[in-house]
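**Q** What shape does this take:
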Amino acid sequence: MAEIGFIGLGNMGLPMAANLVKAGHKVSGFDTVAEAIGKAKDAGIEIAASAAEAAAGRDIVITMLPNGKIVTSVFSQIVPACAPGTVIVDSSTIDVASARAAHDVAAKAGLLSVDAPVSGGVGGAEAGTLTFMVGGSQEALEKACPALEIMGGRLVHCGEGGAGQAAKMCNNMLLGISMIGACEAFALADKLGLSQQALFDVVSTSSGMCWSVNTYCPVPGVGPKSPADNDYKPGFAAALMLKDLGLSQEAAGDVGAATPMGRHAMEIYKTFVEAGEGGKDFSGIINYLDKL
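**A** Here you go, the predicted model:
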């Protein structure tokens, strides 16, 4: 049994931490939101008075936080409290520069760390089937594995510090682009008088197949069950997709990469979120596109 600190017990962090408790680990958690703390107590997580207290003396410390500025701030609090030999796992989705800065803070204190953003949404967090995209040394990954393997179904070691975040933003840029394409195709089919089931049957077995159609179809009653079948209640909120697309464009600007489709997808999701739809699943953009 490992002793684990978990900072950030929101929609993703709470089920991830709960799965560690179910597996028999002792988890000390911290969050600044009272509602999250109440739910964490119900899940068997011990509540610490601060991020530093949650991290003190733990074998593994996991963070799941909103942005890079908060991650680097939290690292400055928890690193001095960590015991020698602790490995820190940041599963937030943040910019590469902040991820590397967090690694540097840990390394200067003689601690191992990995950036390990996830794919799979709330459903994957609850089921323990997340994919972790890991950046950091092999030694750090091996020390983090006892926790990562409980929370996820797949681990991909992408490279050194920051590589996990790079992989996540590239993946989600492609996801945002492909979802818009899938939505446009189904909207066009409807206006052409083609049934959505017929289009699904063609695309899901032809050259247009993609995750946004085969697994997460944006129209209700077609394909495997998805948020479209639940009034677009989020598995992955549109506001989070906009955040990730913004990170991809920031990174593209930093390295001079041409990503015109990624930029356009960001602009489309920006108008969707500004229209008050940021809390809907990102596949719900099909209804917005249909109005244009």
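
**Q** give me the number of residues near G123?
**A** Counted with other Cβ atoms under 10 Å, the neighbours of G123 add up to 13. C-beta: built from backbone N, CA, C; applies to glycine.

**Q** Which residues are in contact with it?
**A** Residues in contact with G123 (Cβ atoms under 8 Å, 6 or more residues apart in numbering) are G235.

**Q** Any buried residues in the helix or strand where it lies, and which?
**A** Element membership for G123 (DSSP states H and E) is helix 121-127. Across helix 121-127, burial judged by 16 or more other Cβ atoms under 10 Å covers G121, V122, G124, A125, E126.

**Q** now for those, which pair is the farthest apart?
**A** Using Cβ to Cβ, these span at most 9.2 Å, a distance reached by G121 and E126.

**Q** and the helix or strand containing L240, what does it pack onto?
**A** L240 is part of helix 238-255, with elements assigned from DSSP H and E. In terms of contacts (3 or more Cβ pairs under 8 Å, 6 or more residues apart in numbering; DSSP states H and E), helix 238-255 is packed against helix 96-108, helix 163-191, helix 260-272.

**Q** Mind checking those for the one nearest to V134?
**A** helix 163-191 (4.9 Å).

**Q** Tell me how many other residues surround T86.
**A** T86 has 25 neighbours, counted by other Cβ under 10 Å.

**Q** For the residue of the chain most remote from its centre, pull up the helix or strand it's in.
**A** Most distant from the centre of the chain: G193, at 36.9 Å, with distances by Cα atoms, centre = their mean. For G193, there is no helix or strand it lies in under DSSP H and E.

**Q** List phi and psi for it.
**A** Main-chain torsions, G193, degrees, to the nearest 10: phi 80, psi 10.

**Q** Quick check: pLDDT value at it.
**A** In the prediction, the pLDDT value recorded for G193 is 97.

**Q** Going forward, count from 2.
**A** All right, first residue 2 from here; so that's G194.

**Q** Could you check how far it is from T206?
**A** Distance from G194 to T206, counting by Cβ to Cβ, to the nearest Å: 21 Å.

**Q** Hmm, I181 is touching I286, no?
**A** Yes: the pair I181 and I286 passes the contact test of Cβ atoms under 8 Å, sitting 6.6 Å apart.

**Q** The two - which one has more neighbours?
**A** Between I181 and I286, counted using other Cβ under 10 Å, I286 has the larger neighbour count: 27 against 23.

**Q** so who does the nearest residue to that one once chain neighbours are set aside touch?
**A** For I286, ignoring the flanking residues on the chain, the nearest one in space by Cβ to Cβ, 6 or more residues apart in numbering is F273 at 5.2 Å. When contacts are counted by Cβ under 8 Å, 6+ apart, F273 touches A239, L243, G279, I286, Y289.

**Q** As TSV, those with distance to N12 and pLDDT would be great.
**A** Putting the contacts of F273 into TSV (distance: Cβ to Cβ, whole Å; pLDDT from 0 to 100) gives the following:
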residue	distance to N12	pLDDT
A239	14	97
L243	16	97
G279	14	97
I286	20	97
Y289	23	92
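
**Q** Farthest-apart pair in these, please.
**A** Once Cβ to Cβ is applied, the contacts of F273 give L243 and Y289 as the farthest pair, at 12.7 Å.
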